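Q: Would you be able to build a 3D model of this:
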Amino acid sequence: MRTAPRAMKVILISTYELGHQPFGLASPAAWLRARGATVTCLDLSREALREDCIREADLVAFYVPMHTATRLATQLIDVVKTMNSGARLCFYGLYAPVNEAYLRARGVSDIFGGEFEAALAQLVDEMAPAGAASARTEVGDDVAEGAEGDGAEGDGAQRDGDAASRWRNDGAASAEMKPALPDVAGARDERRREERSRQISPVISLERLDFIVPDRTGLVPLREYAHVMLPDGGHLVAGYTEASRGCKHLCRHCPIVPVYGGVFRIVPREIALEDIRRQVAAGAEHITFGDPDFFNGPAHALAIVREMHREFPRHTYDVTIKVEHLLKHSEQLAVLRDTGCLFVTTAVEAVDDAMLERLDKGHTRADFLAVVARFRELGLVLQPTFVPFTPWTTLAGYRDLLAVIAEQELIENIAPIQLGIRLLIPAGSRLLELAEMRRYAGAFDPSSLFYPWKHDDARVDALAERVQQLAATGDKLAWTRSETFARIWQAAAEAEAQTAEGRADQVAMGGDAGLSTALGRQPPFAARPAIPHFTEPWYCCAEPTPEQFISIGGGAAPAARRERQADTALPADAFL
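A: Here you go, the predicted model:
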């Protein structure tokens, strides 16, 4: 009697995704389960690494959508190898292909960036024992390739160039797929050893995929993730989905650019809506759209939120949109307001036009101020994010940023940690196109996965560290954002005073007290109500702060986040 082929056992691991339930596990899980694989999803920001699962796995795949997630995942490579030396290792997501050389040196066999679901499915098909059935999901009407007017209004087309899949590994081509070996004694282990030496799919694929609805089976419940805190002290359970991926813009500091290169891909409307319906059924009261820019395809995006509001009129959502698009599609902002948009995140990065030009952001200081005025007119909440500390930051420029925030009454709109962010230069960054950036960047640091840099003015680096400390302390002690901002304002004033002229002025004014009064005097901050915000901060294009690592891996519910923060950085074995 012949025994049925054993199903492939796959472990998908996320280490960090901004406090959200990982879409990057749920989406490929659906694809792999449709092919008959047994899939276990582990989100190590909310649960422990389960040794029993790792020991039985054929494939362990780490999802690395951002820098912090990648650094945490690389700490676990040797841990997983120790638990199961025969398991094949894979990294997928934005930060996998740009760190390809380092990951391969660490023993990772397969690296997928861009549209990764099909590549993972192909890998599982290739690894499956001979005779194992590989189910194929028919998506039928759920297939979309930018149809339905999804790129309407003249600028939403999905740009391909001449090819849907692109190699970014010096022109290397994938090995021809070999037929599966018979499932006889010893053959499977031999096949594993052989497979570990080759990559079976492009490192970066921009293929238009036939998406299927994400499968969140086995993930930690939504209530255990970051909540939306409301001004009245209430909170909303938050879900997360994506209506598009990639981005058609080429900002120099953005980690999406080295992978997508100006291309974006639409997730079909009905797929996104069904994912939302299932999360609402699981308790979601709010949905975060994780698109890099929700208005890359504005017609597609607006159709989704209109339908979401029709089906769930009491539910809210948030989106991320560039300043440039907020201006270009200003007339559509009222639709966001009227369909339940609770707030819009926008990556302002700086208020210095020369800085914005270096970053190739596509907007100016005046554009940002115009968006602030438009949001105030509409009654929409704007949540700007910044990268204040760069090699070109000056102390006067930093104080100017703080002054703009205060003058525009945005103190409550900005998480204090945003005021301490340092510019991240990961592998593949377009920032290295700038000769002045190459002057500052040191040699690539494999342990940190970025190019370290130091400011010419040591006071600027010291201020960045001080601001991060103040933000972390304020979080622990439950300071209001205004209270933390006042301390940051004072720290910036004191830093700028540390010049020869400043010290002379200090003596003339009678020492520290005089200096504090003259240079640290705060303008009258207008009282503004608190705004809706997540219980975990939003990071992008930034070097991780120590507190980011401390707050990851505790496995606690959002309500207990403050209690579970530790005083030391998280070691790899904290996941166990």
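
Q: First-to-last residue distance for stretch 418-427?
A: 23 Å (C-alpha to C-alpha, to the nearest Å).

Q: before we move on, what about stretch 409-427?
A: 37 Å.

Q: For that stretch, give the mean pLDDT please.
A: Averaged over stretch 409-427, pLDDT sits at 94.

Q: Just the buried positions in that stretch, please.
A: 410-427 (16 or more other C-beta atoms under 10 Å). All C-beta spots, glycine's among them, are computed from the backbone N, C-alpha and C.

Q: repeat for stretch 390-407
A: 390-393, 395, 397-402, 404-406.

Q: Who are the packing partners of the top strand by length along the chain?
A: Secondary structure of the chain per DSSP state E: the longest strand is strand 341-349. Counting contacts by 3 or more C-beta pairs under 8 Å, 6 or more residues apart in numbering; DSSP states H and E, strand 341-349 packs against strand 316-320, helix 323-328, helix 353-359, helix 365-378, strand 382-386.

Q: Tell me the strands beside the first one, with direction?
A: What that stands for is strand 316-320. strand 286-289 (parallel), strand 341-349 (parallel) (DSSP bridges).

Q: CA-only coordinates of the shortest one, as CSV, when you get a sec.
A: Which is strand 286-289. The C-alpha trace of strand 286-289 is given here as CSV (Å, rounded to 0.1, in the frame of the first residue of the first chain):
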residue,chain,number,x,y,z
HIS,A,286,-10.0,50.4,11.9
ILE,A,287,-7.9,49.5,8.8
THR,A,288,-4.5,50.7,8.0
PHE,A,289,-3.7,50.7,4.3
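
Q: Name the secondary structure element that contains P97.
A: helix 95-98 (DSSP states H and E).

Q: who's in contact with that helix?
A: Here helix 95-98 makes contact (C-beta atoms under 8 Å, 6 or more residues apart in numbering) with 64-67, 69-70, 103, 111-114, 168-169, 203-204, 255, 258-259, 426-428, 449.

Q: Switch the helices and strands packed on strand 341-349 over to TSV; also include mean neighbour count and distance to G233.
A: Below are these laid out as TSV (neighbours: other C-beta atoms under 10 Å; distance: least, C-beta to C-beta, whole Å):
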stretch	mean neighbour count	distance to G233
strand 316-320	23	16
helix 323-328	20	29
helix 353-359	17	37
helix 365-378	16	24
strand 382-386	22	19
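
Q: just so I know, which of the ones you listed lies nearest I11?
A: I11 sits nearest to strand 316-320 of all the helices and strands packed on strand 341-349, at 29.7 Å, using C-beta to C-beta.

Q: got the angle for that closest one vs strand 382-386?
A: Strand 316-320 runs at 30 degrees relative to strand 382-386, counting by axes from the mean of the first three to the mean of the last three C-alpha atoms, to 10 degrees.

Q: Residues in contact with strand 316-320: which ones?
A: Applying C-beta under 8 Å, 6+ apart, the contact partners of strand 316-320 are 228, 236, 285-294, 301, 305, 308, 336, 339-347.

Q: model confidence over it, on average?
A: Strand 316-320 comes out at a mean pLDDT of 98.

Q: Distance from it to the middle of the chain?
A: Chain-centre distance of strand 316-320: 15 Å, with C-alpha atoms, centre = their mean, to the nearest Å.

Q: go on, stretch 268-281?
A: 21 Å.

Q: okay, which residue is most central for this structure?
A: M66 (5.0 Å; C-alpha atoms, centre = their mean).

Q: Among the helices and strands packed on strand 341-349, which comes closest to A87?
A: Nearest of the helices and strands packed on strand 341-349 (C-beta to C-beta): strand 316-320, 35.3 Å.

Q: could you list every residue that touches P384?
A: By C-beta under 8 Å, 6+ apart, the residues touching P384 are T345, T346, A347, V348, F368, L410, N413, I414, Q418.

Q: Report the separation between the residue nearest to E324 when sequence neighbours are not counted and L333.
A: Excluding the flanking residues, the one nearest E324 by C-beta to C-beta, 6 or more residues apart in numbering is G362, at 4.3 Å. Applying C-beta to C-beta, to the nearest Å, the value for G362 to L333 is 18 Å.
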